[in-house]
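Trainee: Need a 3D model of the following:
(2 chains)
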There are 2 protein chains.
Amino acid sequence: MGKTDWKAEARALKKKLRKLLDKGAEAPAVPKKAKPVSPLAPASFPALPRIKGVEFAAVEAGVRYHNRKDVMLVRLAPGTAMAGVFTRSTTRSACVRDCQTKLAMKVADGAGAAIIVNSGNSNAFTGKVGDDAVAAVTGSVATALGIPASRVFSSSTGVIGEPLPHDRITAKVPALAAALTEAAIEGAAQAIMTTDTFPKGAAATVQGEGGVINIAGIAKGSGMIAPDMATMLVYIFTDAKISAANLQKMVSRNVGATFNSITVDSDTSTSDTLLIAATGQSAAAEVKGAVAKAFETALHGVMRNLALQVVRDGEGATKLVEVRVTGAASDEDAAKVAFAIANSPLVKTAVAGQDPNWGRIVMAVGKSGAQADRDKLTIRFGDILVAQNGWRSPDYKEEDGAAYMLQPELVLAVDLGLGKAKRSVWTCDLTNRYIEINADYRS
Amino acid sequence: MGKTDWKAEARALKKKLRKLLDKGAEAPAVPKKAKPVSPLAPASFPALPRIKGVEFAAVEAGVRYHNRKDVMLVRLAPGTAMAGVFTRSTTRSACVRDCQTKLAMKVADGAGAAIIVNSGNSNAFTGKVGDDAVAAVTGSVATALGIPASRVFSSSTGVIGEPLPHDRITAKVPALAAALTEAAIEGAAQAIMTTDTFPKGAAATVQGEGGVINIAGIAKGSGMIAPDMATMLVYIFTDAKISAANLQKMVSRNVGATFNSITVDSDTSTSDTLLIAATGQSAAAEVKGAVAKAFETALHGVMRNLALQVVRDGEGATKLVEVRVTGAASDEDAAKVAFAIANSPLVKTAVAGQDPNWGRIVMAVGKSGAQADRDKLTIRFGDILVAQNGWRSPDYKEEDGAAYMLQPELVLAVDLGLGKAKRSVWTCDLTNRYIEINADYRS
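Mentor: Sure thing, here's the model as predicted:
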């Protein structure tokens, strides 16, 4: 017991350093170890179309991180329709509650709107001072841009339970307002990252009546991912002419099969927010009829693309896994089985170890609470038939399963053989890196 | 891509070795690396009282493991009352189904009974050949001991989906029968281990009318622990005079707060089995009245002790954590919150990192689905008040929390401030070692 606890020692040192930095000391110029980028990351940030009426800016405000941009501002032109979906967590953050209140007010679109987001601090479970911080930040943006505070939406992501140093953000609002430009979406995507290893963007275009309609979105998310209504922070912009009510309907309809079908670690954030803004500045006529269908399909594609990028950046992920459940007796049962498999630590560690351990899929089906019959179950790895009729298929060769598991993207398919309901859920593997990232996240 | 995949190479070599061993080749005399014992293990296996009418034997049958005992046999004298609880998994194993059928037959106690258990193969999801294997093993024991097969109970634990090489077990039944002795309970506890790092035993004595009543139990379990009705494999023996019906009532009443209140990794086994046998050979009179109460209390103590030993041996565990929820609006809500915290990978990795990250407890309360009010929530680490009134307590010092987290046994207490319902759940931390154990379990 008399031995030095080097871990505690290191933690104490780290804390001292943080305190100095928080007091405004210059960060020491230590060469930073490059953060490893997820092996599942896209080759580069995509080229996103500029959306008329949407401008971005990002700055370094030192909310928690140093030497990087950590606040983004979006200005939305007068006439922009807004909609959103949010976490249902009972301990959701002050900004989530504020966004919900403001969207419910249905303020006329004429005034324009804004979104301000910081990383490094989630302003969740911070009581009354949390609410005050939201009021200070959104009020400051309202003043700088000349729009009502009721049209300024905010998100915060990062550590829970620490007071948000909102004066560091408000001090940068004039600079943000001065820097706004239609071209700066990639910088905005970078500013909202926490444990993310790459910025996430996606886009689509739709042929409208009399012109093209553009959609561009950005997202952040890597851990605490098991969305309930929406995931993490997602902002989607379009120049479509569409009412707030129709926009809300569309996004609500499509969130189930996209953001609500991913899980990194079964833990649901207190900050999940998806906001969508339609400026109406496309040359195309109001979205309706066949164009509405095409627009919704394109929107679904952008949402799905961003959702899968979140899984690709799952903390410590080396594999992207689709769990594809078919033949369930009900939609509820299909979801139960899909999430039981996708959230099982034993399935996820087997995937990490490239072990075709299909017995753990059987286990997860069994524990899910869904109706299941051992003898009607079929399991496939991609196209490889692994098990059916209550046992391993006689044609299955372990070598084939082992070879399949070496790939970076996998489909684990389960047919319950009972009905027609189905559900796909995307997840990643569970590796040592996840533990490393999360065992000492705050220090 | 042309590089050697050393991992695949190692896997292939391991597989070749396994095949040779399975064909009966002598295991090469490689000096074994000692398996690390859990830092939370008791100092030694406890001295357990002999239970009159209960005899044990264990052998090395080479079901899957080599150089260790892997099958145990228990003979129970004529007059023994039996009861049990089992997993509710829809993919539960052939032996679980067989035990349930046999207990439901309520065969007269006169004939005596037996329990045979193997480790290394769970005989789960093995279809018709799995049922045949159970019949072969239990039939062989029935013949050797001269009791009806309907009184021979069996369990199998280990890999799912591989055919049980039952001939290796039946070949050893005569040797097992010849070796039976009241003293051999520790060897039995060792024979049923899989990824366990220590054998688990617990005992209690109760003063009955006219004599002492003894209770002794053994258990195995380390991963795939989120019991549903019972956990893993547990066998409890007593010399009490008590009917099978009363024994069943008692064990069912006490399983909720013991085995069903632990979780290592939220994954529920296909093999969970708890069998209890009362030989009636104590000098004490039949258990009733005040003795029944004392007996049930002692039984609860043995069950709780064994359950906590399973958590202490949780795969990779370095911390034993009690999640203590009070003030819930309903029993269901208390359980939801307790398991949401105990199963959260982010809470468990924070505990592993000795990080007093109470924000993640707030997150888990929020996602649990239980009624909760941010401003009524109180969080304590042991006796340290951490958060209340919707935020961190003004008296809380991070250093106190950090010092508390250094201990090997922790209490994370949450009061919801809404009602009187409560629930305690025990879990362990999530470490790199869990990943290592499970990423390559089958190779």
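
Trainee: Identify the single longest helix in chain A, thanks.
Mentor: helix A:289-312 (DSSP state H).

Trainee: pLDDT of that helix, averaged?
Mentor: Helix A:289-312 carries an average pLDDT of 91.

Trainee: likewise stretch A:430-438?
Mentor: For stretch A:430-438, the mean per-residue pLDDT is 87.

Trainee: what's it in contact with?
Mentor: With contacts defined as Cβ atoms under 8 Å, 6 or more residues apart in numbering or on different chains, stretch A:430-438 is touched by A:195, A:223, A:265, A:314-318, A:345, A:348-349, A:351-352, B:345-346, B:349-350, B:352-353, B:430-432, B:434-436, B:439. Bear in mind the C-beta positions are built from the backbone N, C-alpha and C, glycine included.

Trainee: try it again with 6 Å
Mentor: Contacts with stretch A:430-438, where a contact means Cβ atoms under 6 Å, 6 or more residues apart in numbering or on different chains, come from A:195, A:315, A:316, A:345, A:348, A:349, A:352, B:346, B:349, B:432, B:435.

Trainee: can you tell me which helix or strand the last one belongs to?
Mentor: Per DSSP states H and E: residue B:435 is located in helix B:432-439.

Trainee: List the neighbours of the longest helix of chain A that are in contact with it.
Mentor: By Cβ under 6 Å, 6+ apart, the surrounding residues in contact with helix A:289-312 are A:38, A:40, A:200, A:202, A:204, A:206, A:208-209, A:215, A:217, A:219, A:221, A:234, A:250, A:254, A:258-259, A:262, A:287, A:320, A:426, A:428.

Trainee: re the thing from before, would you mind getting the angle between the helix holding residue B:435 and helix A:432-439?
Mentor: If you take axes from the mean of the first three to the mean of the last three Cα atoms, to 10 degrees, helix B:432-439 sits at 150 degrees to helix A:432-439.

Trainee: pull the CA atoms of helix B:432-439 into PDB?
Mentor: The C-alpha coordinates for helix B:432-439 follow below in PDB (Å, rounded to 0.1, in the frame of the first residue of the first chain):
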ATOM      1  CA  ASN B 432      -9.400  -4.200 -21.700                       C
ATOM      2  CA  ARG B 433      -9.200  -7.700 -20.300                       C
ATOM      3  CA  TYR B 434     -12.900  -8.300 -21.000                       C
ATOM      4  CA  ILE B 435     -12.300  -7.500 -24.600                       C
ATOM      5  CA  GLU B 436      -9.200  -9.700 -24.700                       C
ATOM      6  CA  ILE B 437     -11.100 -12.700 -23.200                       C
ATOM      7  CA  ASN B 438     -14.000 -12.400 -25.500                       C
ATOM      8  CA  ALA B 439     -12.500 -11.300 -28.800                       C
END
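
Trainee: List the buried residues of the longest helix of chain A.
Mentor: With burial defined by 16 or more other Cβ atoms under 10 Å in any protein chain shown, the residues of helix A:289-312 counted as buried are A:291-292, A:294-296, A:298-312.

Trainee: Okay, now stretch A:40-50: how far is its last residue from its first?
Mentor: 26 Å (Cα to Cα, to the nearest Å).

Trainee: Could you do stretch A:314-331 as well?
Mentor: Stretch A:314-331 has an end-to-end distance of 26 Å (criterion: Cα to Cα).

Trainee: still on that earlier bit, quick one: which of the contacts of stretch A:430-438 sit in strands?
Mentor: The members of those all map outside strands under DSSP state E.

Trainee: export these to CSV and tack on distance to residue B:123?
Mentor: Shown next, in CSV, are the contacts of stretch A:430-438 (distance: Cβ to Cβ, whole Å):
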residue, distance to residue B:123
A:195, 42
A:315, 36
A:316, 34
A:345, 23
A:348, 25
A:349, 23
A:352, 27
B:346, 35
B:349, 34
B:432, 31
B:435, 27
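
Trainee: Next, count neighbours for residue A:437.
Mentor: The tally of other residues near residue A:437 (other Cβ atoms under 10 Å in any protein chain shown) stands at 17.

Trainee: And for residue A:181?
Mentor: The tally of other residues near residue A:181 (other Cβ under 10 Å) stands at 12.

Trainee: same check, this time on the one 10 residues further on
Mentor: By other Cβ under 10 Å, the residues close to residue A:191 number 27.

Trainee: who are the neighbours in contact with it?
Mentor: Going by Cβ under 6 Å, 6+ apart, residue A:191 touches A:58, A:69, A:70, A:71, A:72.

Trainee: Could you pick out the residues of the stretch 101-250 of chain A near chain B for me?
Mentor: Proximity of the stretch 101-250 of chain A to chain B, by Cβ under 6 Å from any Cβ of the partner chain, involves residues A:125, A:126, A:127, A:160, A:161.

Trainee: Identify the farthest-apart pair in these.
Mentor: A:127 and A:160 (12.3 Å; Cβ to Cβ).

Trainee: Specify which residue of these two has the higher count of neighbours.
Mentor: residue A:160 (25 against 18).

Trainee: What pLDDT does the model give the residue nearest to the more buried one when sequence neighbours are not counted?
Mentor: In this structure, residue A:160 finds its nearest non-sequential neighbour in residue B:359, 2.8 Å apart by Cβ to Cβ, 6 or more residues apart in numbering or on different chains. The per-residue pLDDT reported for residue B:359 equals 88.

Trainee: re the thing from before, of the contacts of residue A:191 - the most surrounded one?
Mentor: Counting by other Cβ under 10 Å, top hit in the contacts of residue A:191: residue A:70 with 29 neighbours.

Trainee: residues contacting it?
Mentor: So residue A:70 contacts A:61, A:63, A:118, A:119, A:120, A:191 (Cβ under 6 Å, 6+ apart).

Trainee: who's in contact with the closest residue to chain B within the stretch 151-300 of chain A?
Mentor: Distance from chain B to each residue of the stretch 151-300 of chain A (Cβ to the nearest Cβ) is smallest for residue A:160, at 2.8 Å. Listed by Cβ under 6 Å, 6+ apart, the contact partners of residue A:160 are A:122, A:124, A:125, B:359, B:362.
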